[in-house]
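Trainee: just the structure for this:
(chains A, B, C and D)
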There are 2 protein chains.
Amino acid sequence: MVDNDLKERIKKAAVEHFNTNGYHGTTIRNIAKEVNCSLPMIYYYYENKKELFDEIIKKDFFALLKRQASLLKIDNVIDFYTKFIYDLNFLSDYDKKVYRLGIKVYLSFDGDEELMSLMDEWEKSILPRHHQLLKPYIKNAADETAVVRTLVHLLETMIQNIVVKNRHLPEAEIREEISIVLRNFL
Amino acid sequence: MVDNDLKERIKKAAVEHFNTNGYHGTTIRNIAKEVNCSLPMIYYYYENKKELFDEIIKKDFFALLKRQASLLKIDNVIDFYTKFIYDLNFLSDYDKKVYRLGIKVYLSFDGDEELMSLMDEWEKSILPRHHQLLKPYIKNAADETAVVRTLVHLLETMIQNIVVKNRHLPEAEIREEISIVLRNFL
DNA sequence: GTACAATTCTAACGAACGTTAAATTAAGAG
DNA sequence: CTCTTAATTTAACGTTCGTTAGAATTGTAC
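Mentor: Take a look at the predicted model:
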């Protein structure tokens, strides 16, 4: 994320501020000060505060989610999920902040009903996607849906630890937890 | 939570607003309007906006956490944890909102560093507490700490689903997921 | 160099914010 | 009924907010 272009720098600063101070706690003036431009420049590139916020969530956050979801070359299921989570540790700072902001909207800390419904739609797609993904590897299908659900729940917590709480999760811990959920299943 | 007393009604409305609009998005005027009193009445009962916010987190949220943590009569571990989570579904509306607000502070959506460090301290106590709790029931201690960690992570997601996302989690689903993590362990 | 468009700025607008001073009303004691 | 204190209100303060009008600057094409 090289920041030469002013429009991009504004968005970058906005992500930072929205994350730290929330939507209402973020002021256009603070963003302008941070990127060292005058206040109306922000209105030159973005219609208003809300549009700036929405662009981050609608474009950058969902793009990030889709990028994540498309990394689907599985050979070993546990390796795959471990890598899936572990790699989050090494997202760029900007991507992590966008992710964090998205999760905040998802947990309805900020954002409006339109954004919320976009989130809901995304969320509904998660379980089926992972179920599909795991299907070919299931050996013991006794409590299939429950295991997939548990796995997804576990992934969710680990994502939040890395992205929202900004912790580093060691690969070994990730692998252990995923294995615990998936044993007796693969 | 009967609301006769004005001070209590103010706090109740504040929880509602802080939850929906965040700290900065909440205005004293809106709170006053909601409880049908004049604006300075809020300053009659609370020093300022920040003190009102802090009282909710420091008193009500932590009281709630401690109340939850003290429900420790175990006979069957899975029964216990299932009930522990399932009962969250039936918290009073007020308690749920306080819980939700607390989690938001915990995830640093609002609140200052003082509150954050209170949260950190609490968080550090969680793993040891559950480890202690599970100790007498462990049969297969091969990956003891990992299982406890996985369980706590799973509990966290379920708490967030109930309290933050305001979903109802059926007892059967809770039990299934806890059992999946704890099998081969008890 | 001149013309024109794309950037960027200074300065201000009205509205809403947190907070407070001071006046008013309600309640309880003697 | 009077005095005193508690509860509540009206009205305003200074500040900061999101936003915009309009001027100044910079870049580009001929």
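Trainee: touching chain B at all, stretch A:83-95?
Mentor: No - residues of stretch A:83-95 are not located near chain B by C-beta under 8 Å from any C-beta of the partner chain, the shortest gap being 11.4 Å. The C-beta positions use only the backbone N, C-alpha and C, and glycine is treated the same way.
Trainee: run the chain-centre distance for that stretch.
Mentor: 10 Å (C-alpha atoms, centre = their mean, to the nearest Å).
Trainee: go on, stretch A:145-162?
Mentor: On C-alpha atoms, centre = their mean, the centre of stretch A:145-162 falls 14 Å from that of its chain.
Trainee: name the residues of that stretch that come out as buried.
Mentor: The neighbour-count check on stretch A:145-162 (16 or more other C-beta atoms under 10 Å in any protein chain shown) flags A:146-162 as buried.
Trainee: if you look at those, which of them are in helices?
Mentor: A:146-159 (DSSP state H).
Trainee: farthest pair within these?
Mentor: A:A146 and A:I159 (20.3 Å; C-beta to C-beta).
Trainee: any low-confidence regions in chain A?
Mentor: For chain A, the stretches flagged by pLDDT under 70 are A:1-4, A:69, A:71-73, A:108-112.
Trainee: which helix runs longest in it?
Mentor: Assigned via DSSP H, chain A shows its longest helix as helix A:113-134.
Trainee: and the contacts of that one?
Mentor: A:54, A:57-58, A:62, A:65, A:69, A:72, A:74, A:77, A:102, A:105-106, A:108, A:144-145, A:148-149, A:151-152 (C-beta atoms under 8 Å, 6 or more residues apart in numbering or on different chains).
Trainee: of the residues you listed, just the buried ones, PyMOL syntax please.
Mentor: A single PyMOL command selects the buried members of those (16+ other C-beta under 10 Å):
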select buried, chain A and resi 54+57+65+77+102+105+106+108+148+149+151+152
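Trainee: tell me how far A:T20 lies from B:N184.
Mentor: 43 Å (C-beta to C-beta, to the nearest Å).
Trainee: get me the contact residues on chain A for DNA strand D.
Mentor: A:26-30, A:39-40, A:43, A:48-50 (C-beta under 7 Å from any atom of the strand).
Trainee: let's go with 10 Å and repeat that
Mentor: Taking C-beta under 10 Å from any atom of the strand as the contact definition, chain A meets DNA strand D at A:17, A:21, A:23-33, A:38-44, A:46-53.
Trainee: may I see the ChimeraX selection of the buried members of these?
Mentor: Command for ChimeraX, covering only those of the residues of chain A next to DNA strand D found buried under the criterion 16+ other C-beta under 10 Å:
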select /A:17,21,23,24,25,26,28,31,32,41,42,46,49,52,53
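Trainee: would you report the backbone torsion angles of the residue of chain A found nearest DNA strand C?
Mentor: The nearest approach of chain A to DNA strand C comes at A:S38, 3.2 Å away (C-beta to the nearest atom of the strand). A:S38 adopts backbone torsions of phi -80, psi 160, taken as degrees, to the nearest 10.
Trainee: ok, it - contacts?
Mentor: With C-beta under 8 Å, 6+ apart, A:S38 has these contacts: A:A32.
Trainee: same check on the one 4 residues further on?
Mentor: In this structure, A:I42 makes contact with A:10, A:28, A:31-32, A:52, judged by C-beta under 8 Å, 6+ apart.
Trainee: pull the most distant pair out of these.
Mentor: Across these (C-beta to C-beta), the longest gap, 11.7 Å, separates A:A32 and A:L52.
Trainee: could you find the closest non-adjacent residue to A:V77?
Mentor: Closest residue in space to A:V77, ignoring its immediate chain neighbours: A:Y137 at 4.9 Å, by C-beta to C-beta, 6 or more residues apart in numbering or on different chains.
Trainee: burial measure for that neighbour, as a count.
Mentor: 15 (other C-beta atoms under 10 Å in any protein chain shown).
Trainee: which residues touch it?
Mentor: A:Y137 touches A:74, A:77, A:186, counting by C-beta under 8 Å, 6+ apart.
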